[in-house]
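*Asks:* quick one: sequence and predicted model below, then my questions.
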Amino acid sequence: MPPILALVALSLTASSQSRSASISIPRITHIPRLEDFVALERVPESAKEMAHVDGFIQRVPDEGKPVSEKTDVFLGYDTHQLYAIFVCHDKNPALVRAHLANRDNFPNDDDNVAIHLDTFHDHKHAYGFNVNALGVQADAIWTEGAGWDFSWESEWHSEGRLTDYGYAVLIAIPFENLRFASRDAQTWGIFLYRGIPRKNEDSYWPDYSPRITGRLNQEADASEIKEASPGRSLSFQPYAIGRSFRSLDTLPMQPRFASSAADVRAGVDLKAVIKDSLVLDLTANPDFSEIESDQPQITVNQRFELLFPEKRPFFIENASYFSTPIDLFFTRRIADPQFGARLTGRTGPYALGVLVSDDRPATAASSANAGANGGRALFGILRVNRDLGEQSTAGLIFTSRTFGTESNYVGGADTRVRLNAAEFLTAQAVTSSTTLLDGRARAGPAYLAAFDHNAKFLIGNATYSDRSPGFITQPGFIDRNDIRSLNSTLAYSVRKARKFLLSWGPQIVTENVWDHDGKHLTSRYREIANIELVRQTNFDVFYEKRNDLLRPGDFEQLRFNNQYRQQTEGFDLSTNPIASVELLASYAKGTGINFIPASGPPVLARSSVASASLSFRIGRALTINNTYLLARASAIQNDRGIFDDHTLRTKCTYYFSRSFYARTIFQFNNVISSPAMVNLQRQKTFNADFLFTYLPHPGTAVFVGYNSDLANLGRNLDLGSDGLVQRSSGFINDGRQVFVKVMYLFRR
């Protein structure tokens, strides 16, 4: 046995079997080096001082059994940092999966380890520091009931090394980047984690059981952390971006091209820590341009607005402080701000989120409100949440958006109550008051109540939602109002670790929607059979029946209420058979609604929707992601084509190092339509993006990029009844830019 493993008898250990596991983390005098742990030839001086933990327990696939590969962790701290060394053995070290990747985005099938720290020891929130076998970082904040928030970014150190016995990882977390109570001696909650994806295996110390609802109520206690100083008091981040561009301006009556040979913009973000627990963020002339493009979605023939996730750092950071059961703050409603301020953090049992921002809406120039507030809309969000006992909370929220004579105010309360080890109740009640641009007033309440049951075999959810006809939330994301809905999900899973089969079980999903006059607008019933196999393979087969009632108020072409009965069947597949290949695929076929016929009301049509994503990892540095989306509709009577929508996207990323990478994205979209059957122009677009990124640590980066857009527009930019006229063939360049962006994070 290598000497390093004999430290079990010399170090402070903790039992992984006890629900009240604890460990004393010692103060060390020797800074640990990864090289000393990689060789396993002698006991490093730093390891002799550190606490040692083993005895990891599987959560899946074999719940309660020891981790399949020996795992040792060494913990210690000095004046400035907490250290964790993971020594991960593997009987087949050549099968360890590890790839270079950008932060927070290493592949799901990479071997990885993590440490989770509940620094306030309140079982409500925890920092997560996750590292793959090559040292690539991912960090996040866990909130009970809401899950992981990967928008949080912190500066910390990690190293990873593949070895002839497996791999080893060092994590060093500066105290100044954490928030915790000001006490001489700290006791934190702690989890240690090891993931072996090729075995579908997640293991924890202490034991994290799926039989018990909640995560942090099962954590261990890490004590004897003394003389630790939290939080840097001040940091600021200036940025500058310069670009040369040519773009199509469609706002004038006659569209035209606008261009600039040298467009320069600069701004600054400032962050101040108040009393070690609250964080004030200020931004002036922020750069909210998006370096990464949105993942493609099918956008044609959609009845309701699609949700695209936020990607701008100022808004995604600490987003969980503003979340409520009803989505009352969707940050992409703020499109082009000039200033913003945000205060977030915890003080005692309270969590606080305050945000104020302006916005320059695209409609401001042509609006009657153009002169109001300098043509800006003003947003204000206030969120307060209080802990109530074990994993229960109660909160208040207020949102506002004003733009000249237009205003929208929403306020209300919510709660999340733990009923027992397996069940939670969530509820929210809010009301809105709105004055529209034309002077009309709207007002009304909205309610939500949800019950969640999460046990070993049975998972269930029932959610009731009520939005009155007058309820409006302009800062939020609500697809429609004047509804009462009752949705439910019930899933039964039998988990048996076999040679190939890991789990199987049925799932039933129901959705029922009524308006406030009692009309049954939607009824949906879906049956799903799920099979989980080895090598991260999941396969679902489903059958769905759906009935939608459309009214003249929904579509002006309707003279009477009309029922649309639909039926769909299909499958979903995800698999990671080998380290270099990942496949995601889905297909659904049946009947659906053509919401945009060439004339008359919506009609039933045959419908097919498919998606496929195939990713290749070549070596440890090159990743190629290919995505294909298809939406197709045809007439039920004669199967004549109504429209085909094809999207093909290829993204290639090459990592020269953990900090420096190059990325290309090519995306082609082709809409083929029959003018006699659908009100949809034929359209072809091609987009190319090139980006070089140097990102040594969060907040400091250099981006150099070029993007170009092609579309099948006429060279004279002719206007038709429904927009720019599309040509049947050929492209023109309707936008391109070259840009350089530099930002640097100063701390003191």
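*Replies:* Perfect, I can see it now.

*Asks:* need the contact list for the closest residue to His697 other than its chain neighbours.
*Replies:* Spatially, and ignoring its direct neighbours in sequence, His697 is nearest to Glu155 (4.9 Å; Cβ to Cβ, 6 or more residues apart in numbering). C-beta: built from backbone N, CA, C; applies to glycine. Contacts for Glu155 were tallied using Cβ atoms under 8 Å, 6 or more residues apart in numbering; they are 174, 177, 697-699, 745.

*Asks:* mind listing what's buried in stretch 182-194?
*Replies:* For stretch 182-194, the buried set under the neighbour-count rule, 16 or more other Cβ atoms under 10 Å, comprises 186-194.

*Asks:* and what of stretch 381-394?
*Replies:* 381-385, 387, 391-393.

*Asks:* what about that stretch, how long is it end to end?
*Replies:* With Cα to Cα, to the nearest Å as the measure, stretch 381-394 spans 17 Å from end to end.

*Asks:* just how off-centre is it within its chain?
*Replies:* Stretch 381-394 sits 22 Å away from the centroid of its parent chain (Cα atoms, centre = their mean, to the nearest Å).

*Asks:* stretch 426-442 now?
*Replies:* 28 Å.

*Asks:* for the stretch 251-400 of the chain, what are the low-confidence residue spans?
*Replies:* 251-253, 276, 287-296, 298-299, 304-313, 316, 361-374 (pLDDT under 70).

*Asks:* now do the strands in it.
*Replies:* 256-274, 278-284, 339-347, 350-359, 377-387, 393-403 (DSSP state E, counting those that start in this stretch).

*Asks:* just put those strands in CSV and tack on distance to Val169.
*Replies:* Listed next are the strands of the stretch 251-400 of the chain as CSV, based on distance: least, Cβ to Cβ, whole Å:
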stretch, distance to Val169
strand 256-274, 29
strand 278-284, 28
strand 339-347, 29
strand 350-359, 31
strand 377-387, 33
strand 393-403, 34
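
*Asks:* low-scoring pLDDT stretches of the stretch 601-748 of the chain, where are they?
*Replies:* Using pLDDT under 70, the stretch 601-748 of the chain drops low at 719-723, 725, 728.

*Asks:* the strands in it, which residues?
*Replies:* Under DSSP E, counting those that start in this stretch, the stretch 601-748 of the chain gives strands at 603-618, 622-634, 641-655, 660-673, 683-697, 700-711, 719-720, 723-724, 732-743, 746-747.

*Asks:* check which helices and strands the fifth one is in contact with.
*Replies:* Based on contacts counted as 3 or more Cβ pairs under 8 Å, 6 or more residues apart in numbering; DSSP states H and E, the elements that strand 683-697 packs against are strand 660-673, strand 700-711.

*Asks:* CA-only coordinates of that strand in PDB, if you can.
*Replies:* Taking C-alpha atoms only, strand 683-697 is exported to PDB below (Å, rounded to 0.1, in the frame of the first residue of the first chain):
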ATOM      1  CA  GLN A 683     -36.300  32.200 -46.500                       C
ATOM      2  CA  LYS A 684     -32.600  31.200 -46.500                       C
ATOM      3  CA  THR A 685     -30.000  32.600 -44.200                       C
ATOM      4  CA  PHE A 686     -26.400  31.700 -43.500                       C
ATOM      5  CA  ASN A 687     -24.400  32.900 -40.500                       C
ATOM      6  CA  ALA A 688     -20.600  32.600 -39.800                       C
ATOM      7  CA  ASP A 689     -19.000  33.500 -36.500                       C
ATOM      8  CA  PHE A 690     -15.300  33.300 -35.600                       C
ATOM      9  CA  LEU A 691     -14.000  34.100 -32.100                       C
ATOM     10  CA  PHE A 692     -10.600  33.900 -30.300                       C
ATOM     11  CA  THR A 693     -10.900  34.100 -26.500                       C
ATOM     12  CA  TYR A 694      -8.200  34.600 -23.900                       C
ATOM     13  CA  LEU A 695      -9.800  34.200 -20.400                       C
ATOM     14  CA  PRO A 696      -7.100  33.700 -17.700                       C
ATOM     15  CA  HIS A 697      -9.700  34.100 -14.900                       C
END
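
*Asks:* contact partners of it?
*Replies:* Counting by Cβ under 8 Å, 6+ apart, 102-103, 155, 291, 293, 659-671, 701-712, 726, 731, 745 sit against strand 683-697.
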